[in-house]
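>>> Turn this into a structure:
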Amino acid sequence: MKIFTLQAKQKLPITIDEAWAFLSNPKNLKVITPDYMGFDILSGSEKPMFAGQIIEYIVTPILGIKTKWVTEITHVVDREYFVDEQRFGPYSLWHHKHFIKEIDGGIEMEDLLHYKLPFGILGQLVHPLLVKPKLIEIFEYRKNKLHELFGTL
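From the prediction side, this is the model:
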């Protein structure tokens, strides 16, 4: 069983309150997801983020194949971090930690993602060819979109 890791850091010239207000609003996930992914929240974004929150959405990650994805917000520490975990979707494991902290002139965000692919060795074979590049592309899009929205530090 191979568990993969992806880590990303980003600095933004905003306050921790501004960062938290944006990042903890589930509706903003659509804002920072590439349009071509057909991201659409079905339910769970009506309230501000809380531990135990279930968010259902449709996403079209590859080849126009629509996929239902259900995540649970499992941990929330106000203005510090939150964790989302897949409950139903394309991965065997999806555990995504989002950290924010104050730094000089703004905040630093850090994403730490642990994930496992289904289909055993076949999943591991497609990882470097398809899955990892797609995840890196999505994280780059988010980074660029956040810089567009809030500026650079």
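>>> so is residue 152 in a helix, a strand, or just coil?
coil (DSSP: H, G, I helix; E, B strand; the rest coil).
>>> That one: neighbour count?
11 (other C-beta atoms under 10 Å). Placement of C-beta: from N, CA and C, glycine included.
>>> Provide a list of residues in contact with it.
Residues in contact with residue 152 (C-beta atoms under 8 Å, 6 or more residues apart in numbering) are 11-13.
>>> Hmm, residue 8 is touching residue 139, no?
Yes - Residue 8 is within contact range of residue 139, at 4.8 Å (criterion: C-beta atoms under 8 Å).
>>> overlap in contacts of the two?
With C-beta under 8 Å, 6+ apart as the test, residue 8 and residue 139 both reach residue 111.
>>> Would you mind measuring from the residue nearest to residue 117 when sequence neighbours are not counted to residue 79?
In this structure, residue 117 finds its nearest non-sequential neighbour in residue 123, 3.2 Å apart by C-beta to C-beta, 6 or more residues apart in numbering. For residue 123, the distance to residue 79 equals 36 Å [C-beta to C-beta, to the nearest Å].
>>> May I have the secondary structure class of residue 141?
Under three-state DSSP, residue 141 comes out as helix.
>>> who does the spatially most central residue of the chain bridge with?
Centroid-nearest residue in the chain, with C-alpha atoms, centre = their mean: residue 96, separated by 6.7 Å. Beta bridges link residue 96 to residue 84, residue 113, judged by DSSP bridges.
>>> Is it correct that it is in contact with residue 84?
Yes - under the criterion of C-beta under 8 Å, residue 96 makes contact with residue 84 at 5.0 Å.
>>> so which of the contacts of residue 152 is the most crowded?
Busiest of those [other C-beta under 10 Å] is residue 12, holding 23 neighbours.
>>> what's residue 72 in contact with, if anything?
52-55, 84-85, 87.
>>> Bridge partners for it, pull those for me.
Where residue 72 sits in a bridge, its partners, by DSSP bridges, are residue 54, residue 85.
>>> Got the confidence number for residue 60?
On the pLDDT scale, residue 60 is placed at 88.
>>> tally of neighbours for it?
As a burial measure, residue 60 scores 14 neighbours (other C-beta under 10 Å).
>>> How about residue 28?
Going by other C-beta under 10 Å, the residues that sit close to residue 28 add up to 15.
>>> Dump the helix or strand of the chain with the lowest mean pLDDT to PDB, keeping only the CA atoms.
Of all helical and strand segments in the chain, the minimum by mean pLDDT, DSSP states H and E falls on helix 120-126, at a mean of 90. Provided in PDB are the C-alpha atoms of helix 120-126 (Å, rounded to 0.1, in the frame of the first residue of the first chain):
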ATOM      1  CA  GLY A 120      -3.300  -1.500  -6.500                       C
ATOM      2  CA  ILE A 121      -0.300  -1.700  -8.800                       C
ATOM      3  CA  LEU A 122      -2.300  -0.200 -11.700                       C
ATOM      4  CA  GLY A 123      -3.100   2.900  -9.500                       C
ATOM      5  CA  GLN A 124       0.600   3.200  -8.700                       C
ATOM      6  CA  LEU A 125       1.500   2.900 -12.300                       C
ATOM      7  CA  VAL A 126      -0.800   5.800 -13.400                       C
END
